[in-house]
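S.K.: Predicted structure and sequence below. I'll ask about it afterward.
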Amino acid sequence: MPITHSLPPKLPNLAENSTVISIKNLDFSYPDGFPALKNISLSIQEGEKIALVGPNGAGKSTLMLHMNGILSGRGELEVGLLPLNKQNLPVIRALVGLVFQNPDDQLFSPTVFEDVAFGPLHMGLPEDEVHTRVEEALTQVDMRGFGGCLSHHLSAGQKKRIAIATVLSMHPQILVLDEPSAGLDPRARRGLIHLLRDLPLTMLVSTHDLRMAKELFPRMVIMDEGEIVADAETEFLLKDEALLEKHGLAGI
């Protein structure tokens with residue numbers, strides 16, 4: 001059956017070393033008045049892989065939800081040189097792939113194939129292109145041949161990989177992941193590390209896994225109580241025991 005949706009607008013061409021996400025003076029409060037983000041400014045360059053760390057309630061997930069417009073606060077936010085606004089939202093959501101902490105929040109179709117195909121179908125791509133993208137994404141996450149499987153029959157590690165595949169099938173240029181190693185056994189965690197290392201994408205990854213941060217992410221941003229309290233080389237920050245202790249990260 002042919003796909004009749006219109007094709008999405010062309011994404012901006014991001015040059016190497018250009019700024020792909022720019023956030024200036026971002027504030028956000030939830031409806032009950034709780035200030036979740038306070039004067040956040042952050043710049044991410046093309047090709048960077050950054051760990052976003054901090055205690056529970058620091059504002060990490062709230063910040064991530066701003067990066068493709070699920071939440072909208074006060075301040076300036078640009079993705080791929082485009083201001084985050086209603087007009088640019090379809091382009092930005094194709095540009096920024098967001099993977100939630102719980103893969104069950106992302107997997108809702110009867111089969112793996114349908115989950116991974118969902119994004120390309122709603123981008124209005126031709127059916128043969130959808131099939132190609134699904135196969136490519138499943139191959140990237142080492143889950144080729146699982147298209148006919150029921151998502152709820154998969155292990156936690158396999159579900160994480162399929163959740164990432166649902167985003168990769170849309171060919172994003174930026175990958176944003178919330179606690180990707182949470183709940184994984186050692187083998188699945190190691191497989192995830194290899195997967196993230198090999199993906200040639202700009203990444204911002206929220207994690208409590210400081211060993212993974214040290215291994216994978218040259219830059220680290222520490223948040224606490226809605227603010228960025230440190231932004232530097234991961235190796236440097238991990239040696240600052242007083243800083244880690246102050247922000248609830250010591251001994252993790």
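M.R.: That came through, no problem.
S.K.: Report the contact partners of residue 151.
M.R.: Listed by Cβ atoms under 8 Å, 6 or more residues apart in numbering, the contact set of residue 151 reads 107, 109, 110, 111, 112, 115, 159, 162. For the C-beta atoms, the positions are set from N, CA and C on the backbone; glycine is no exception.
S.K.: 6 Å - rerun?
M.R.: 107, 112, 115 (Cβ atoms under 6 Å, 6 or more residues apart in numbering).
S.K.: Next step: these restricted to helices.
M.R.: Among those, the residues falling in helices (DSSP state H) are 112, 115.
S.K.: Adding pLDDT and neighbour count as columns, could you present the contacts of residue 151 in JSON lines?
M.R.: As requested, those are exported to JSON lines (pLDDT from 0 to 100; neighbours: other Cβ atoms under 10 Å):
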{"residue": "107", "pLDDT": "90", "neighbour count": "23"}
{"residue": "112", "pLDDT": "96", "neighbour count": "27"}
{"residue": "115", "pLDDT": "95", "neighbour count": "23"}
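S.K.: Pull out the buried positions in stretch 79-99.
M.R.: Taking 16 or more other Cβ atoms under 10 Å as the basis for neighbour counts, the residues of stretch 79-99 that come out buried are 79-80, 82, 84, 88, 91-99.
S.K.: right, I mislabeled it, should have said stretch 133-151
M.R.: Using 16+ other Cβ under 10 Å as the test for burial, stretch 133-151 gives 133, 134, 135, 137, 138, 140, 141, 143, 146, 147, 151.
S.K.: Help me confirm that residue 183 comes into contact with residue 156.
M.R.: Yes. With contacts counted by Cβ atoms under 6 Å, residue 183 reaches residue 156, the gap being 5.3 Å.
S.K.: Pop out the phi and psi values for the most centrally placed residue in the chain.
M.R.: When the chain is reduced to its mean C-alpha position, the closest residue under Cα atoms, centre = their mean turns out to be residue 176, at 1.4 Å. Dihedral pair for residue 176: phi -120, psi 120, per degrees, to the nearest 10.
S.K.: Could you do residue 19 as well?
M.R.: phi -80, psi 120.
S.K.: quick one on the thing from earlier: with respect to residue 218, which of the buried residues of stretch 133-151 is nearest?
M.R.: residue 140 (22.1 Å; Cβ to Cβ).
S.K.: Per-residue confidence, the closest one, what does it come out as?
M.R.: What the model reports for residue 140 is a pLDDT of 92.
S.K.: show me what contacts it?
M.R.: With contacts taken as Cβ under 6 Å, 6+ apart, residue 140 has the following neighbours: residue 168.
S.K.: That one and residue 134: what is the separation?
M.R.: 11 Å (Cβ to Cβ, to the nearest Å).
S.K.: just residue 212 next, same as before
M.R.: Between residue 212 and residue 134 the computed distance is 28 Å (Cβ to Cβ).
S.K.: got it, and residue 219?
M.R.: From residue 219 over to residue 134 (counting by Cβ to Cβ), the distance is 32 Å.
S.K.: so how far is the first residue of stretch 110-128 from its last?
M.R.: Separation of the first and last residues of stretch 110-128 by Cα to Cα, to the nearest Å is 20 Å.
S.K.: ok so, going back, just the closest of the contacts of residue 151 to residue 238, please.
M.R.: residue 107 (33.3 Å).
S.K.: Could you pull out the strands in the stretch 1-150 of the chain for me?
M.R.: Assigned by DSSP state E, counting those that start in this stretch, the strands in the stretch 1-150 of the chain fall at 19-29, 35-45, 49-53, 74-79, 82-83, 96-99.
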